[in-house]
Structure formats: C-alpha cells, structure tokens
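Participant: any chance you can model this:
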Amino acid sequence: MVWVLDSTLREGEQTPGVYFDKHIKLAIANLLDEIGVEIIEAGHPMVTSEIHEAVKSIAQKGYRSIVGAHSRSLKSDVDLALECGVGFIGIFYCVSDERLETVFKKDLDSAISLITDVIKYAKSQKPDLLIRYTPEDTVRSQFENVVLAASAAVEAGADIISVADTTGYMVPGTNRSMYDYISRLKDALALRNLYPKIAVHCHNDRGLALANALDAYRAGVDIIDAATLGLGERAGIVDLAQLLTVLSLDYDEKRWDLTKLVPLYDLVTKHSGIAIPTNFPITGRNSFTHCAGVHTHAAAINPMHYESLSPDILGRKREFALDHMSGIASLRFALSLINENDLDDEHQQAALKEVKSVGQRGRIIDLSELQHIVESVKHDKSYKS
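Facilitator: Just a heads-up that it's a prediction; the model follows:
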C-alpha cells in the first residue's frame, strides 16, 4: 500500500507569489485529512514565525494524517519542528560532488557526518518520530554518494529515504528511468541489509512528474509526494488529484475520498491566485464536458463512448457545451434540459444556426442563454411566417 504525502503547504508555498494565511492553511489541512492523505507536509518552521505558528496549529489538530515539517540538516531547524509537535520530519542535504565542492565547501565524509548527527539528534529527542532523509537532486548526484549517504542516514535512524527528481530530469523508458533508479537503489541498500521506506519527489519541468511517480510506484516505492494543482518550484510537482484518481481507479489503491478534491481545489485556487486550467485533468472545468456533435450524440447514449473516467467518482456532473462545434444531437439534449422538447425541426435548425454563430465568436452558450435563443427564434418565426 503506497502512502501519499501532500506538500501543498510546503512545496506549494514555494510557488512564486503564493502564501496561505494561517486560517486558510488549517482549512486546507482539514480537507487533506478528510481526503485521507497519509502525510500532510505543513511547512518549514524556520522560514518565518508565521509558518512556525501554522505548522504548530496543524500538528495540534489531532488528524488521522501524520503532520510533518521540513528541516535543513541543522539541530536548530529540528528543534523548531519538534516544538510544533509534528510526527514526521523531512531532513535534506545535497551530496553531489559539484554542490559539495562549490556550494557547501565540504567533502562527502563531512556532509555525511553532518547529516547523521542531525538524524541521531532528532531521533534522540523523539524516538517515535518518522524521519525522512532526502539527498537533494538525488537522481543527478553520483549514485555511489547517494548510497553512502542514504545508508549512513538509515543506520543513524532515518526511516525513509526520498529520491528527489529536483529538476524534473527523469524520462520514463530511457536511461533516465525512475523505475530503474528506484530498483537500483533498493537493491544497493538491500545488499547492506537496509530496508527503509523509499519515497519519491518528482518535479514537473518536462511535464512528466506523474509519469515518473507512477514509474516509481511500479518499482515498489512506498511514498509519493504531490500537491494541490501541482503547485511548487518552477513547473511544480505531481498534481494531487491526478495522482489519487489514477492510483484509485487504475492501481486499486481505493481508500481516499475523491469527492473532497473539488472543494480542496476551489479553496486552494481562491487563496493562491493560481487558476485551475480549464482543460486540467480531473479538476478542470472542461474535464467532463462534451462539445463536438459526434461526441455529444454518442456520449448522450452511453458516456463511456467518450469517457474513461466517470465524473461521479469526484461528485462532479457530465456537461454538454454548445458552441460552433455543436450538432443537432447536442442541441436536442440541451433543449430537453430546458423543457423545450416540443420545438419543431424548423425552429431547432434556426436555433442551431444561432448557436454556431455565437460559438464562432469564441463563446459557449449556457442553458440560460439557450432559452433566450429559443425565444428569439420563436419570435422571428411568428412575424416572418
């Protein structure tokens, strides 16, 4: 059973311009808990006093979800996280030769010593604390460095090793496959008799975050990170709704309440200022809307002709849009919804002509406007006949 870690409140706030007030963070966390995500990553308490207070508030709510905090490899960061009462802490430190030499001015042994000291310290302060260690930019770091650091971290008390595709570098089916990377890492740790949980954090720079996450799932990963709207640095990370829907429907991981996703996305989009793209899978306005005449005709008979997902699983409704692509079938369906079933063929053709004319100007006709079109057509016919 894979766990999902939601990072809307941590990674999501790294989206330029996005900040959630404390009461909104609590409302978001409430919905995440109702959905049933296993871990809510609530923030990095060292960043500001307001984030510290928000993490503390969320951690004290008594959720079923485990509440976690982010931390640099510093005891001061760990202390602040523990003050909040979190049950999970994510510690990160890069171990690539280039970063160690040019940014941190350390050799690998010094870096590993720093990482393990902090992990031992955190575990000593709270023995039941879940500790995740992330070698930042894992997949572009020297593999032998990652194995050495991950092994030392686990021996120091880390429960989870996270593989971070920090730059969205991985591509399924190539020599940069996340499936291959996770498999290789698990094998390397098993050779040392180490079996930590493996997590994956996939960025979406190439639009492949979800594909890479599913590649990791196929390799037996234990935890997948995601965020509402896929919020995060640059192009963000895995979209939560898409991940939960695919895992539920296609991989039989059925334990999350998907009907809470729409209110969650409405809340996050309102307070982040980031709109849900109209054509976004699962939560976009058009994701269950049929438009072209051929599609509408078939979908009205049996929706599965043009759907592989039912809107019912999300508590949404199927819609049929009227515009320049509409045919007589979609018009008749819409007429039935406004109780205009008796409109004769001549009036229907006149109404369809007007619908297409409006649609060509780039507008969609909703049911209230369709009613006006029908009235206009009836009026025109009354004095022209």
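Participant: which residues in the stretch 251-385 of the chain form strands?
Facilitator: Counting by DSSP state E, counting those that start in this stretch, one finds strands in the stretch 251-385 of the chain at the ranges 289-290, 319-320.
Participant: any idea which of those is most buried?
Facilitator: The highest average neighbour count among those, using mean count of other C-beta atoms under 10 Å, belongs to strand 289-290 at a mean of 22. (Glycine included, C-beta is placed from N, CA and C.)
Participant: ok, Ile58 touching Ala27?
Facilitator: No - between Ile58 and Ala27 there is no contact under C-beta atoms under 8 Å: 10.5 Å.
Participant: compare these two (neighbour count), which wins?
Facilitator: Ranked by neighbour count (other C-beta atoms under 10 Å), Ile58 and Ala27 place Ile58 first, with 28 against 17.
Participant: and the more buried one, what helix or strand is that in?
Facilitator: Assigning secondary structure by DSSP states H and E places Ile58 in helix 49-59.
Participant: contacts for that helix next, please.
Facilitator: Contacting residues not belonging to helix 49-59 are listed as 9, 13, 20, 22, 25-26, 29, 40, 42-46, 67, 69, 80-81, 83-87 [C-beta atoms under 8 Å, 6 or more residues apart in numbering].
Participant: ditto for stretch 66-85
Facilitator: Contacts for stretch 66-85 (C-beta under 8 Å, 6+ apart): 5, 10, 29, 38-46, 52, 55-56, 58-61, 86-93, 114-115, 117-118, 121-122, 125-126, 129-130, 132.
Participant: using CSV, list the CA coordinates for stretch 183-192.
Facilitator: Only the C-alpha atoms of stretch 183-192 are listed here, as CSV (Å, rounded to 0.1, in the frame of the first residue of the first chain):
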residue,chain,number,x,y,z
SER,A,183,15.0,-0.5,-8.3
ARG,A,184,18.8,0.0,-8.3
LEU,A,185,18.7,2.0,-5.0
LYS,A,186,16.6,-0.6,-3.3
ASP,A,187,19.0,-3.3,-4.4
ALA,A,188,22.0,-1.4,-3.3
LEU,A,189,20.5,-0.8,0.2
ALA,A,190,19.4,-4.4,0.5
LEU,A,191,23.0,-5.5,-0.1
ARG,A,192,23.8,-3.6,3.1
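Participant: thinking again about what came up before, in the helix holding Ile58, what counts as buried?
Facilitator: Ile51, His52, Ala54, Val55, Lys56, Ser57, Ile58, Ala59 (16 or more other C-beta atoms under 10 Å).
Participant: residue ranges for the helices of the stretch 51-200 of the chain, please.
Facilitator: In the stretch 51-200 of the chain, the helices defined using DSSP state H, counting those that start in this stretch lie at 75-84, 97-99, 108-125, 143-156, 178-190.
Participant: distance to Leu247 and mean neighbour count added to the ones you listed, as a markdown table?
Facilitator: Formatted as a markdown table, those follow (distance: least, C-beta to C-beta, whole Å; neighbours: other C-beta atoms under 10 Å):
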| stretch | distance to Leu247 | mean neighbour count |
| --- | --- | --- |
| helix 75-84 | 28 | 20 |
| helix 97-99 | 33 | 14 |
| helix 108-125 | 30 | 18 |
| helix 143-156 | 25 | 20 |
| helix 178-190 | 16 | 18 |
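Participant: is it possible to get TSV of these that adds mean pLDDT and distance to Leu258?
Facilitator: Formatted as TSV, those follow (pLDDT from 0 to 100; distance: least, C-beta to C-beta, whole Å):
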stretch	mean pLDDT	distance to Leu258
helix 75-84	97	29
helix 97-99	94	39
helix 108-125	97	34
helix 143-156	98	34
helix 178-190	98	25
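Participant: among these, which is nearest Gln371?
Facilitator: helix 178-190 (51.7 Å; C-beta to C-beta).
Participant: and the angle from that closest one to helix 143-156?
Facilitator: Counting by axes from the mean of the first three to the mean of the last three C-alpha atoms, to 10 degrees, helix 178-190 lies at 50 degrees to helix 143-156.
Participant: so which of the strands of the stretch 251-385 of the chain is nearest Val374?
Facilitator: Val374 sits nearest to strand 319-320 of all the strands of the stretch 251-385 of the chain, at 16.0 Å, using C-beta to C-beta.
Participant: who does the closest one pair with, and is each partner parallel or antiparallel?
Facilitator: strand 289-290 (parallel) (DSSP bridges).
Participant: report all helices and strands that the helix-or-strand element of the chain with minimal mean pLDDT contacts.
Facilitator: Lowest by mean pLDDT, DSSP states H and E among the helices and strands of the chain is helix 293-301, with a mean of 77. Helices and strands touching helix 293-301, by 3 or more C-beta pairs under 8 Å, 6 or more residues apart in numbering; DSSP states H and E, are strand 319-320, helix 328-337.
Participant: name the residues that touch the last one?
Facilitator: Residues from elsewhere that reach helix 328-337 (C-beta under 8 Å, 6+ apart): 290-291, 293, 296-297, 300, 320-322, 341, 343, 348-349, 351-352, 355, 367, 370, 374.
Participant: just list the residues touching the closest residue to Ala216 other than its chain neighbours, thanks.
Facilitator: Using C-beta to C-beta, 6 or more residues apart in numbering and skipping the chain neighbours, the partner closest in space to Ala216 is Val200 (4.1 Å). Neighbouring residues of Val200 by C-beta under 8 Å, 6+ apart: Ser162, Val163, Asp165, Met178, Ile182, Asn212, Ala213, Ala216, Val221, Ile223, Ile224, Asp225.
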